[in-house]
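Asker: coordinates only, sequence not included:
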């Protein structure tokens, strides 16, 4: 092997060794580094390694040295800090739309972004008994195809299904593909949704990404949507829980102890106005069972003030629920 080529491969292995085996609590001495390089059949001398470490420092690697009984070297900062990786691992483990198999694969990849010593700390389990995992393994590839279609300005084709009592897929429209213009992906209430524009109905529709299959990019160009007509953030706020229903402007009244819950749902920019010992907000919501159920959970501490049509929907729902328990 020519000298220049040998130096290049030695630098690459040295960089990998420092990334994988060192951190601010684990250092390697020069003899230990020489032994580690020998595992890759790379021979290195002490003086050469000093020069190599300086080259890696010039390249931008944050290599520090520490003296105990002898000098040791370590990578002081990795691409991600350990708390950042813990946060990402927790998100992957607790996410419902990522299957167990894909969660394991992603966590393994995340663990490779730090030293082998710190990666052991990422193997902790997050207890999420109320969050069962998805069973559709194609979610990851659906998301990839959707992003590619949005970026290329193309429509997408996919099949949409529900599960029956045997957990078998039952395709809607007898398996006929949907052809839609994808607008955005939304993670709401621990579920992933695709927001599309339907030219047939001239409206926006939503699909659960984990219930899509055979997703592909079409040659047909996507429909052009006026940006003033579609705002992702405002759309998500109004279409409550991503379920269909007529969007109405509603006045809602709450006890003051529910301020945190209201801000969690509608965002910190929602205007709160005091009303006696309570407070009111005016927001656009979807007139759906999902929204009404959210209000019901607060009992007599929350009230729909207007419009009357929404109050009537609440009375109908309460009547149906009451009849079930007579």
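Answerer: Happy to help now that I have it. The model shown is predicted, which means the values in this text are computed figures rather than measured ones.
Asker: what about the strands in the stretch 101-250 of the chain?
Answerer: With DSSP state E, counting those that start in this stretch as the definition, the stretch 101-250 of the chain shows strands at residue ranges 154-163, 169-171, 178-188, 191-198, 203-208, 212-221, 247-255.
Asker: packing partners of the second one?
Answerer: In terms of contacts (3 or more C-beta pairs under 8 Å, 6 or more residues apart in numbering; DSSP states H and E), strand 169-171 is packed against strand 154-163. Where C-beta positions appear, they are placed from N, C-alpha and C, glycine not excepted.
Asker: in this structure, where's the longest helix?
Answerer: helix 3-21 (DSSP state H).
Asker: just checking, what packs against that one?
Answerer: helix 30-38, helix 46-59, strand 71-75, helix 116-119.
Asker: per-residue pLDDT of residue 1, please?
Answerer: At residue 1, the predicted lDDT confidence score is 44.
Asker: what does residue 199 give?
Answerer: Note for residue 199: predicted pLDDT of 85.
Asker: residue 322 too?
Answerer: 92.
Asker: before we move on, what about residue 238?
Answerer: So residue 238 comes in at 66 (pLDDT).
Asker: one more: residue 165?
Answerer: The predicted structure lists residue 165 with a pLDDT of 78.
Asker: any idea how far the longest helix of the chain is from the chain center?
Answerer: Here helix 3-21 shows a centroid-to-chain-centroid distance of 35 Å under the convention C-alpha atoms, centre = their mean, to the nearest Å.
Asker: quick check: bridge partners of the spatially most central residue of the chain?
Answerer: Averaging the C-alpha coordinates of the chain gives a centre point, and the residue nearest to it by C-alpha atoms, centre = their mean is residue 187 (6.7 Å). Using DSSP bridges, the beta-bridge partners of residue 187 come out as residue 192.
Asker: tell me how far it lies from residue 326.
Answerer: Summarising the geometry, the distance separating residue 187 from residue 326, computed by C-beta to C-beta, to the nearest Å, is 40 Å.
Asker: contacting residues around the worst-scoring helix or strand of the chain on mean pLDDT?
Answerer: Using mean pLDDT, DSSP states H and E, helix 232-238 stands out as the lowest-scoring helix or strand of the chain, at a mean of 71. If you take C-beta atoms under 8 Å, 6 or more residues apart in numbering as the criterion, helix 232-238 is touched by 183-184, 186, 188, 195, 204, 242, 247, 266-267, 283-286.
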